[in-house]
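Engineer: need the 3D shape of this:
(chains A and B)
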Amino acid sequence: MTSFLFWNLNRKPLQKIVANLALRYEVDVLMFVECSILPGVLLETLNQHRRAEYHYAPGLCKKVEIFTRYPRQFIEPIYEEDRLTIRNLKLPGAIDLLLAVTHFPSKLYWSDASQTAESIELANSIRLAEKQASHSRTVLVGDLNMNPFEDGVVSANGLHGVMSRSIAEKGTRIVQAKEYPFFYNPMWSLFGDATPGPPGTYYYSKSEHKVFFWNIFDQVLIRPDLLSLFSNENMAILTSDGNISFLSSQGVPDANIASDHLPIFFRLWL
Amino acid sequence: MLISHLTISQYFLDFGYNYFGMEVLNMRDLWPEDIGPISDLKTPVTILREQGALLGEKTNNLVEVEIVQFEPIRSEEFLYAFLIVAPALDNYRYKLFTISYNINIYPVTISVDGEIRAEINPVDPEGKLTAESEDDFVEILKKIFSAKKTKRVIGALLSMISYGQEGQIAGINSNDR
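Structural biologist: Residues are numbered from 1 along each chain as shown, chains lettered A, B, ... in the order given. Have a look, this model is predicted:
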């Protein structure tokens, strides 16, 4: 099993918490956005109780940082842009896959319509990288700054993420004579109270009529070709590193303790 | 199926009718004689391809440019991505910007990342870059190509190709902090 952790660090010096998480969950690939910790500092903290186990795997997309227990040659970037890095994860003896990591523009600065338009470009970029790699075994991870039900995530010409594995397994869908590949979006299953974890990854409250309070902006989406390697039990929104809870006494992410986003963790049978 | 269509089509033409049964022999041609490409118009994508070829020349083809047509956000638009490609690094690609335009060609909207946009237009760093004419477009391209980030991306790729990948990208990232 290969384990992955994604976290928006909210530009906080959370290296100790990150190192605790990496140790507790035996994370193989750590992915961060809004990471202001210098790579050397984070690497030093990650490797404090180990013998240089973690490596820094940089790319030209500086909005995403990746650290891994594998040599970085196993996770080389093949396609990048300002807010997206797509890595070819090629582990010895395992099937290779594309790991796309993104930090999407925030709702603070972008309208819903702009986010939807941008998600079409993101989908274009992913399909281009898949064409280059000659397969579509892709995992998309990131802070999408959109919920799983929003247009940019759901639309066929956007990310085309669906809530049901059986629908995603159909592979593609044709709309207006064009064929669009599905993503399976398991994050739908983590909404609300009837889940083992918190109701979302990001909490936002404002005195206006429409407020969701809990949002799932941090997501992992999986192409149908990889679904045999993924099980929903192998995914969680984390609320603690084992020592410190990331939640306030009201049960919402506390940016004074850790980040305003909660980390997401998942495993693939690789 | 195709053969039968052609056969039917030929049958109609032989008797002076087109496939839809309209008479073609006595039909008036309403189209002007001077239909053809606009001679003094260079499309934005042609300009991008020319500039891409020039980057290849400048770097001995160590770094090249690929122009890829993307699915547009609106169906009436043409959308192209300008990708910096390093063939020696397993065809690594970096998307520098996209352009979009409709059948009128101008204005052209250029979507470029925040860092380059802020350098080009510090007064309105969130605003879109729009070229109202070919001259405008060329001027904006010149600024994008001269932007610090563009030079950094191309420089990093050249370094990785020349000296191997060890430490080069890391160096670029840490300088940005």
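
Engineer: all contacts plus neighbour counts: C-alpha atoms, from now on.
Structural biologist: Will do.

Engineer: which SSE is B:Phe137 in?
Structural biologist: helix B:134-146 (DSSP states H and E).

Engineer: quick one: average confidence on the following helix or strand past that helix?
Structural biologist: Counting by DSSP H and E, the next helix or strand C-terminal to helix B:134-146 is helix B:148-163. The pLDDT scores in helix B:148-163 average 93.

Engineer: let me see the contact set for B:Pro66.
Structural biologist: Quick fix: residue B:66 reads Glu, not Pro. Taking CA atoms under 8 Å, 6 or more residues apart in numbering or on different chains as the criterion, B:Glu66 is in contact with B:Arg49, B:Gly52, B:Phe82, B:Leu83, B:Ile84, B:Val85.

Engineer: pretty sure A:Leu229 sits against A:Trp269.
Structural biologist: Yes: contact status for A:Leu229 versus A:Trp269: in contact at 4.8 Å, counting by CA atoms under 8 Å.

Engineer: so B:Arg74 versus chain A, what's the distance?
Structural biologist: Per CA to the nearest CA, to the nearest Å, B:Arg74 is found 9 Å from chain A.

Engineer: sorry, slip of the keys, the one I care about is B:Ser159.
Structural biologist: 13 Å.

Engineer: for the stretch 51-200 of chain A, what lies in contact range of chain B?
Structural biologist: A:58-60, A:62, A:77-82, A:117, A:120-121, A:124 (CA under 8 Å from any CA of the partner chain).

Engineer: dump these to CSV, plus pLDDT and secondary structure.
Structural biologist: Shown next, in CSV, are those (pLDDT from 0 to 100; DSSP: H, G, I helix; E, B strand; the rest coil):
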residue, pLDDT, secondary structure
A:Pro58, 94, coil
A:Gly59, 95, coil
A:Leu60, 94, coil
A:Lys62, 91, coil
A:Pro77, 97, strand
A:Ile78, 97, strand
A:Tyr79, 97, strand
A:Glu80, 97, strand
A:Glu81, 95, strand
A:Asp82, 93, coil
A:Ala117, 89, helix
A:Ile120, 95, helix
A:Glu121, 94, helix
A:Asn124, 96, helix
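
Engineer: may I ask which of the contacts of B:Glu66 has the most neighbours?
Structural biologist: Within the contacts of B:Glu66, most neighbours by other CA atoms under 10 Å in any protein chain shown means B:Ile84, with 27 neighbours.

Engineer: wasn't that residue part of a strand?
Structural biologist: Yes: assessed with DSSP: H, G, I helix; E, B strand; the rest coil, B:Ile84 lies in a strand.

Engineer: how about the contacts made by it?
Structural biologist: Going by CA under 8 Å, 6+ apart, B:Ile84 touches B:Val63, B:Glu64, B:Val65, B:Glu66, B:Arg93, B:Tyr94, B:Lys95, B:Leu96, B:Ile154.

Engineer: which residues does it bridge with?
Structural biologist: Judged by DSSP bridges, the bridge partners of B:Ile84 are B:Val65, B:Tyr94.

Engineer: same question for B:Val108.
Structural biologist: B:Ala131.

Engineer: what sits against it?
Structural biologist: So B:Val108 contacts B:Pro44, B:Ile99, B:Ser100, B:Tyr101, B:Thr130, B:Ala131, B:Glu132, B:Ser133, B:Phe137 (CA under 8 Å, 6+ apart).

Engineer: report the separation between the fifth one and chain A.
Structural biologist: It refers to B:Thr130. Counting by CA to the nearest CA, the gap from B:Thr130 to chain A is 16 Å.

Engineer: how about the nearest residue to that residue, chain neighbours excluded?
Structural biologist: Nearest non-adjacent residue to B:Thr130, counting by CA to CA, 6 or more residues apart in numbering or on different chains: B:Thr109, 4.6 Å away.

Engineer: now for that neighbour, how many residues are close by?
Structural biologist: Neighbours around B:Thr109, by other CA under 10 Å: 19.

Engineer: mind listing what it touches?
Structural biologist: B:Ile99, B:Ser100, B:Tyr101, B:Lys128, B:Leu129, B:Thr130, B:Ala131.

Engineer: just give the nearest non-adjacent residue to the fifth one, would you?
Structural biologist: Distance criterion CA to CA, 6+ apart; nearest residue to B:Leu129, sequence neighbours excluded, is B:Ile110 at 5.2 Å.

Engineer: contacting residues around the one you found?
Structural biologist: B:Ile110 touches B:Phe97, B:Thr98, B:Ile99, B:Ser100, B:Lys128, B:Leu129, B:Thr130, B:Ala131, counting by CA under 8 Å, 6+ apart.
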